[in-house]
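K.L.:
whatever this is, show me its structure:
(one chain, ligands or ions: 2)
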Amino acid sequence: MAAPREALYFPASQRQQLDSYLPSPSITSTSSVSSKPHVTLTFATSLDSQLALAPGVQTALSGPESKAMTHYLRSKHDAILIGVGTAIADNPSLNCRIEGVGGYGGEGLYGQPRPIVLDPKGRWEISAESKVVKLAREGKGKAPWIITKTDVGEQKRSLLESVGGKFLRYGDSFGGVEASLSARMEWRGMLQLLSREGIQGVMIEGGGVVINDLLSADNLELVDSVILTIAPTWLGRGGVQVCPEQRQGLGRSLPAGRLKDVNWMPLGEDVVLCGRPQ
Ligand SMILES: NC(=O)c1ccc[n+]([C@@H]2O[C@H](COP(=O)([O-])OP(=O)(O)OC[C@H]3O[C@@H](n4cnc5c(N)ncnc54)[C@H](O)[C@@H]3O)[C@@H](O)[C@H]2O)c1
Ligand SMILES: Nc1nc(=O)c(N)c(NC[C@H](O)[C@H](O)[C@H](O)COP(=O)(O)O)[nH]1
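P.N.:
Ligands and ions are numbered 1, 2, ... in the order given. From the prediction side, this is the model:
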């Protein structure tokens with residue numbers, strides 16, 4: 001079957017440079033449930049380490065080649081996770097538009113990742129007009145799962161369920177009374193929850209709160225690989241910056257983190273950096 005016109009193409013020679021950073025097929029074929037999925041943290045920044053011009057402003061940074069790469073990554077994970085800030089700002093599609101994947105020249109929904117949105121307080125007004133809902137109806141993507149701590153209304157629940165999505169309640173069992181009062185959800189708990197739902201590889205795309213939280217000293221060990229696109233643009237002061245907290249040790253500041261097993265890969269006008277947290 002010929003691929004539809006909107007399908008993206010990412011060549012085999014470039015795929016090979018990424019594959020060792022992705023969930024391994026041997027992991028995804030086993031039936032045993034491990035305590036957490038493989039976590040790939042991936043995003044695009046400007047030369048001044050920013051994700052967007054301002055909070056809530058969608059900002060295209062990736063060129064066409066690195067955009068195709070992102071869609072190749074989406075085809076290699078069971079799920080794509082974002083924070084609700086990104087869901088509200090971008091009205092994203094969160095599907096995989098690469099040639100050959102379900103809905104884009106492939107059979108059925110096979111190969112399409114599950115969108116997952118962190119929305120502890122139920123801020124996202126998901127509706128029949130949201131792109132993720134329309135694409136799920138058209139068979140061009142899976143409907144989202146929304147991880148929440150609140151009781152969502154019956155209207156949102158039935159809309160989501162009608163297209164095959166669901167709300168996942170982040171239980172109070174993760175962290176006791178204090179945790180149940182705050183909106184914060186611990187990454188270990190969320191990843192365990194996803195693992196129990198059968199997710200073996202998750203690609204975390206942002207935005208700023210999510211990325212800086214995962215790059216912090218408490219959470220970095222949960223990240224298996226980082227795949228970062230750097231675009232040749234300065235967004236200028238005032239944007240959404242990737243800049244995690246420094247670590248503290250022996251009364252002085254230490255670097256927040258560093259990558260090992262590094263590969264730099266030029267892609268069009270961008271460069272893609274792959275590595276694993278040390
Ligand atoms: N360039 C890129 O690669 C890229 C990627 C994604 C988003 N963006 C941009 O980033 C901006 C959005 O970023 P942002 O920082 O405003 O929002 P975000 O997407 O990081 O969402 C933040 C929200 O997610 C929830 N959340 C995150 N971590 C949580 C946790 N541990 N526990 C509970 N809830 C948690 C909270 O409600 C929080 O307010 C937008 O402008 C978007 O276009 C850019
Ligand atoms: N790789 C990358 N380059 C960018 O220039 C950019 N703005 C994003 N942003 C990440 C965000 O998670 C989603 O890319 C958007 O929310 C849109 O997703 P869709 O294309 O609608 O599926 N990601």
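K.L.:
give the contact list for the nearest residue to residue 238 once chain neighbours are set aside.
P.N.:
In this structure, residue 238 finds its nearest non-sequential neighbour in residue 54, 6.2 Å apart by Cβ to Cβ, 6 or more residues apart in numbering. Using the backbone N, CA and C atoms, a C-beta is placed for each residue, glycine as well. For residue 54, the contact set (Cβ atoms under 8 Å, 6 or more residues apart in numbering) comprises 238-240.
K.L.:
ok, and the most crowded of these?
P.N.:
residue 240 (25 neighbours; other Cβ atoms under 10 Å).
K.L.:
bridging residues for it?
P.N.:
residue 52 (DSSP bridges).
K.L.:
that one touches residue 46, doesn't it?
P.N.:
No - between residue 240 and residue 46 there is no contact under Cβ atoms under 8 Å: 10.2 Å.
K.L.:
which element is residue 40 on?
P.N.:
Element membership for residue 40 (DSSP states H and E) is strand 38-45.
K.L.:
from the contact counts, what lies against that strand?
P.N.:
For strand 38-45, the helices and strands in contact under the criterion 3 or more Cβ pairs under 8 Å, 6 or more residues apart in numbering; DSSP states H and E are strand 50-52, helix 64-75, strand 201-206, helix 208-214, strand 225-230.
K.L.:
just the CA trace of the fourth one, in CSV.
P.N.:
Written as CSV, here are the backbone C-alpha positions of helix 208-214 (Å, rounded to 0.1, in the frame of the first residue of the first chain):
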residue,chain,number,x,y,z
GLY,A,208,9.6,22.3,30.8
VAL,A,209,8.3,21.2,34.2
VAL,A,210,8.4,17.5,33.2
ILE,A,211,11.9,17.6,31.8
ASN,A,212,13.5,19.6,34.6
ASP,A,213,11.9,17.3,37.2
LEU,A,214,13.2,14.2,35.4
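K.L.:
quick check, the strand holding residue 40 touching ligand 1?
P.N.:
Yes - using Cβ under 6 Å from any ligand atom, we find that strand 38-45 touches ligand 1 at 43-44.
K.L.:
partner strands of that strand, with direction?
P.N.:
Sheet pairing of strand 38-45 (DSSP bridges) gives strand 201-206 (parallel), strand 225-230 (parallel).
K.L.:
got the phi and psi for the residue nearest to residue 50 when sequence neighbours are not counted?
P.N.:
Leaving aside its sequence neighbours, residue 50 sits nearest to residue 239 (Cβ to Cβ, 6+ apart; 3.7 Å). The phi/psi pair for residue 239 (degrees, to the nearest 10) reads phi -90, psi -170.
K.L.:
how near is residue 239 to ligand 1?
P.N.:
Going from residue 239 to ligand 1 by Cβ to the nearest ligand atom, to the nearest Å gives 9 Å.
K.L.:
for the stretch 101-250 of the chain, what lies in contact range of ligand 2?
P.N.:
Near ligand 2, when you scan the stretch 101-250 of the chain using Cβ under 6 Å from any ligand atom, you find 205-206, 229.
K.L.:
put the buried members of the residues you listed into a ChimeraX selection.
P.N.:
Restricted to buried positions by 16 or more other Cβ atoms under 10 Å, the ChimeraX selection for those reads:
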select :205,206,229
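K.L.:
now the residues of the stretch 101-250 of the chain next to ligand 2 in TSV, with distance to residue 223?
P.N.:
Formatted as TSV, those follow (distance: Cβ to Cβ, whole Å):
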residue	distance to residue 223
205	13
206	13
229	17
